[in-house]
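Visitor: sequence and predicted structure are below.
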Number of protein chains: 2
Amino acid sequence: MSNIREIAERAGVSIATVSRYLNGSGYVSEKTKIKIQKEIEKAGYTPNALARAIFTKNSRTIALMIPNITNPFFNQMVTAIEDYANKIGYSLFLYNTGDSREKEKECLEVIKSYRVSGIIASRSQCKEEYSEINIPVVSFENHISSSIATVSSDNYNGGKMAFDHLYDRGCRNMLHIKGPRNFEATELRCKGFVDAANKKGIKVDIVEFETDFQVQILEEYLKRIENIKKYDGIFVFNDIAAAVVMKHLKGIGISIPHQVQLIGFDDSFIGELLYPSLTTIRQPIKEIGTLLIELLIKQINREKVEIKDYLLETKLIKRESTL
Amino acid sequence: MSNIREIAERAGVSIATVSRYLNGSGYVSEKTKIKIQKEIEKAGYTPNALARAIFTKNSRTIALMIPNITNPFFNQMVTAIEDYANKIGYSLFLYNTGDSREKEKECLEVIKSYRVSGIIASRSQCKEEYSEINIPVVSFENHISSSIATVSSDNYNGGKMAFDHLYDRGCRNMLHIKGPRNFEATELRCKGFVDAANKKGIKVDIVEFETDFQVQILEEYLKRIENIKKYDGIFVFNDIAAAVVMKHLKGIGISIPHQVQLIGFDDSFIGELLYPSLTTIRQPIKEIGTLLIELLIKQINREKVEIKDYLLETKLIKRESTL
DNA sequence: ATATGATATGTAACAAGTTACATAAAGATA
DNA sequence: TATCTTTATGTAACTTGTTACATATCATAT
């Protein structure tokens, strides 16, 4: 790959002039512009963004850390972020942390070395590791520190809505299948559900799953639940797990929603494709992704950003798995 | 962020010594190593990978272009590639092309500027655009040029297996719902299906869809199919579309597999969660991802790689949507 | 005592770009 | 015509790291 010196030499100008032409900064005469452009095309030259980044101290890259792209929720988030980044000329580094603190730490080291302009963390398991970084960071769901903004949807209210919906449809003997402990969202969904139940003087059962998305493991957990038939309403922490629950219930001859009503969380595309289709709590995924990157870009551009919890509204989507 | 000069000064050595320490190259005394390490920790210094990349001409980054991460097939591919890349210390740039030639071209420009070590293209719509690039490239599904290796699963045989399976289960009046035209895989799946039908002297109908994954648009297309009830077997180009077909059929009171048998393609996780679960043609996604990056890394390391079609075996997964 | 090899470190050139500053020419204004 | 402003270009220093080469020290072998 040729470099700016080569182009300058061939065009018979200095590298400063070529640089000015490339950046549209300073003065370059029309004649010179044409000469330079010709040589650039002849050589198939593309400016080296790495060299540029070293000097300008802005690589125009964003590191996106997610637990697992395979999760429909996260891949929709990635899509929204990629889309936005692309439009404003930023590139995305993708890192799968697999919900592992160790892996997240390792990623962070690599991310630092690439001098990314900003970091989007999601469901972060690290805290102090971020304190030494002087790169703008925004976080999805889990809180990192008091100097990092957190975006999430209103999980607490989501849990509350799930309970109220099931209650309104006549359920009095409910189960909540709770997600893994290290997700803050999990706790809030559960708390919202339980608080709403208490308000009505109803006792609900809670079972905790330690995986969020691996179908086979979810199935294993399900088998351990004793006498699942006794419940008339089940609120599951995400749609994939809800789909697995649905399949399990069908497998033991339980009809949904007549015997058991089922409600998921996220509003993944899968909910619509299930039979019966799944009532769920919608998270505004696209808005979450967009807000995350907007907040990040503002910080990168040194605009003022309020460091706080950004809570986006959840919404109940009524489908066929509830009456 | 501090730099190597600062560390060198603080540790009272030259930058060359610090560089040697960081790279584990050349001699550095134990005493000096300790001094340097102390200063690195004190300053929270991480070497600048961009500067390193300029000199070594290897950024240890890979650009991954995919049509759409939202597609479960592609996100599993990304997972396999990310996993491998991570293990060998490479970082991934992610670009969503949205199956648009224009967007792919734009991405390519950005990718070139970042001097990535290699490119993984998938379902590429470009040809000559790659000829000027002197960066290793591997392609998934669509062919780019005679100098670029292509990895895909055996779509032709997949189509053939789909027909044979439906035929063996008694179907004689079959429909193939074909994917978008610009996917080479689409044509091969169709051809395999049709060729197998011809061999048995059976005529099959073909309907072409122009989207692969947007549920609402898929539903629109479905509504246009006249008298879908007359078929006793439907082979759909992917599992998501098959799920939509299944839902549509259920909606108009058709029982699967008794009235219509259904077979998908890919073996997405969704197939297992449907009711009835979906018979499908499995693509070895993980193997595809791994082979793609293995071939790429070999080329990056200037090892010999055969430039040819790498065809991975497809496999029929029998579930409940066929008899 | 001298030569040889291993260890340790520094200097300076290199990779690719950006930009402050200097300079020069052309055009505009007094 | 003299001066000022605008336009156009170049020089050189700067961003961060790597490495070839030079040099120095020390231990061992002859």
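Guide: In hand now; what should we look at?
Visitor: the stretch 51-200 of chain A against DNA strand D: which residues are in contact?
Guide: A:A51, A:I54, A:F55 (Cβ under 7 Å from any atom of the strand). Where you see a C-beta, it was placed from the backbone N, CA and C, and this is true even at glycine.
Visitor: the first one: neighbouring residues, count only.
Guide: What that stands for is A:A51. 16 (other Cβ atoms under 10 Å in any protein chain shown).
Visitor: would you map the strands across chain A?
Guide: A:61-66, A:91-96, A:118-122, A:137-140, A:149-153, A:174-178, A:205-208, A:233-236, A:261-266, A:279-282, A:309-312, A:315-317 (DSSP state E).
Visitor: which elements pack onto the fifth one?
Guide: Counting contacts by 3 or more Cβ pairs under 8 Å, 6 or more residues apart in numbering or on different chains; DSSP states H and E, strand A:149-153 packs against strand A:137-140, helix A:285-300, strand A:309-312.
Visitor: other residues contacting the helix or strand bottoming out on mean pLDDT in chain A?
Guide: Ranked by mean pLDDT, DSSP states H and E, the weakest helix or strand in chain A is helix A:215-223, scoring a mean of 88. Here helix A:215-223 makes contact (Cβ atoms under 8 Å, 6 or more residues apart in numbering or on different chains) with A:207, A:209-211, A:228, A:240-241, A:244-245, A:248, B:269, B:272-273.
Visitor: least confident of those?
Guide: Minimum pLDDT for the contacts of helix A:215-223 is recorded at A:T211 (86).
Visitor: what about the helices in the stretch 1-150 of chain A?
Guide: Counting by DSSP state H, counting those that start in this stretch, one finds helices in the stretch 1-150 of chain A at the ranges A:4-11, A:15-23, A:30-43, A:49-56, A:72-87, A:101-113.
Visitor: relative to the whole chain's centre, how far out is the second one?
Guide: Centroid separation for helix A:15-23 versus its chain: 39 Å, with Cα atoms, centre = their mean, to the nearest Å.
Visitor: cool, and the last one?
Guide: A distance of 18 Å separates the centroid of the chain from that of helix A:101-113, by Cα atoms, centre = their mean.
Visitor: just the buried positions in that helix, please.
Guide: A:K103, A:E104, A:C107, A:L108, A:V110, A:I111, A:K112, A:S113 (16 or more other Cβ atoms under 10 Å in any protein chain shown).
Visitor: pull the contacting residues for the last one.
Guide: Residues near A:S113 by Cβ under 8 Å, 6+ apart: B:T46, B:P47, B:N48, B:A49.
Visitor: what's the neighbour count on the last one?
Guide: Counted by other Cβ under 10 Å, the residues lying close to B:A49 total 21.
Visitor: so who does it touch?
Guide: B:A49 sits in contact with A:V110, A:S113, A:Y114, A:R115, B:S59, B:R60, where contact means Cβ under 8 Å, 6+ apart.
Visitor: hang on, A:D267 packs against A:T279?
Guide: No: look at A:D267 against A:T279 with Cβ atoms under 8 Å: they stay out of range, at 9.9 Å.
Visitor: name the residues contacting each of the two.
Guide: With Cβ under 8 Å, 6+ apart as the test, A:D267 and A:T279 both reach A:I317.
Visitor: tell me the pLDDT of A:E132.
Guide: So A:E132 comes in at 86 (pLDDT).
Visitor: who are the contact partners of A:H165?
Guide: A:I263, A:T279, A:L316, A:K318, A:T322.
Visitor: same thing with A:H176?
Guide: By Cβ under 8 Å, 6+ apart, the neighbours of A:H176 are A:159, A:189-190, A:193-194, A:204-207, A:234-237.
Visitor: same check, this time on A:E82
Guide: A:E82 makes contact with A:L92, B:I69, B:L94, B:Y95, B:N96, according to Cβ under 8 Å, 6+ apart.
Visitor: how far away is A:I228 from A:G271?
Guide: Distance of A:I228 to A:G271, computed by Cβ to Cβ, to the nearest Å: 20 Å.
Visitor: can you check A:A51 too?
Guide: Counting by Cβ to Cβ, the gap from A:A51 to A:G271 is 48 Å.
Visitor: same thing with A:Y221?
Guide: Distance, A:Y221 to A:G271, by Cβ to Cβ: 20 Å.
Visitor: again, but for A:Y231
Guide: 20 Å.
Visitor: ditto for A:K127
Guide: As judged by Cβ to Cβ, A:K127 and A:G271 stand 34 Å apart.
Visitor: which one of those two has more residues nearby?
Guide: Ranked by neighbour count (other Cβ under 10 Å), A:K127 and A:G271 place A:G271 first, with 24 against 13.
Visitor: what sits against that one?
Guide: Neighbours of A:G271 in contact, by Cβ under 8 Å, 6+ apart: A:D239, A:A242, A:A243, A:G264, A:S277, A:L278, A:T280, A:I317, A:R319.
Visitor: OK, contacts around the first one?
Guide: By Cβ under 8 Å, 6+ apart, the contact list for A:D239 reads A:P72, A:G264, A:F265, A:D266, A:D267, A:S268, A:I270, A:G271, A:L278, A:T280.
Visitor: run through the bridge partners of the fourth one.
Guide: In other words, A:D266. Listed by DSSP bridges, the beta-bridge partners for A:D266 are A:R282.
Visitor: surely it is in contact with A:P284?
Guide: No: contact status for A:D266 versus A:P284: not in contact, 10.7 Å apart, counting by Cβ under 8 Å.
Visitor: which one of those two has more residues nearby?
Guide: A:D266 (26 against 17).
Visitor: against A:R319, how distant is the nearest residue to A:L278 once chain neighbours are set aside?
Guide: Of all residues not flanking A:L278 in the chain, A:G271 sits nearest, at 3.7 Å (Cβ to Cβ, 6 or more residues apart in numbering or on different chains). Relative to A:R319, A:G271 is positioned 7 Å away (criterion: Cβ to Cβ).
Visitor: contacts only, for the nearest residue to A:E313 once chain neighbours are set aside.
Guide: Excluding the flanking residues, the one nearest A:E313 by Cβ to Cβ, 6+ apart is A:D154, at 5.8 Å. Neighbouring residues of A:D154 by Cβ under 8 Å, 6+ apart: A:L311, A:L312, A:E313, A:T314.
Visitor: what are the phi and psi values at the third one?
Guide: Which is A:E313. Per-residue torsions, A:E313: phi -70, psi 140 (degrees, to the nearest 10).
Visitor: likewise the last one?
Guide: Note on A:T314: backbone dihedrals following degrees, to the nearest 10 are phi -100, psi 160.
Visitor: what does the pLDDT read for A:G26?
Guide: For A:G26, pLDDT reads 89.
Visitor: number of nearby residues for the residue nearest to it when sequence neighbours are not counted?
Guide: Nearest non-adjacent residue to A:G26, counting by Cβ to Cβ, 6+ apart: A:R20, 4.1 Å away. For A:R20, the neighbour count with other Cβ under 10 Å is 18.
Visitor: how about the one 3 residues further on?
Guide: Around A:N23 sit 11 other residues, with neighbours defined as other Cβ under 10 Å.
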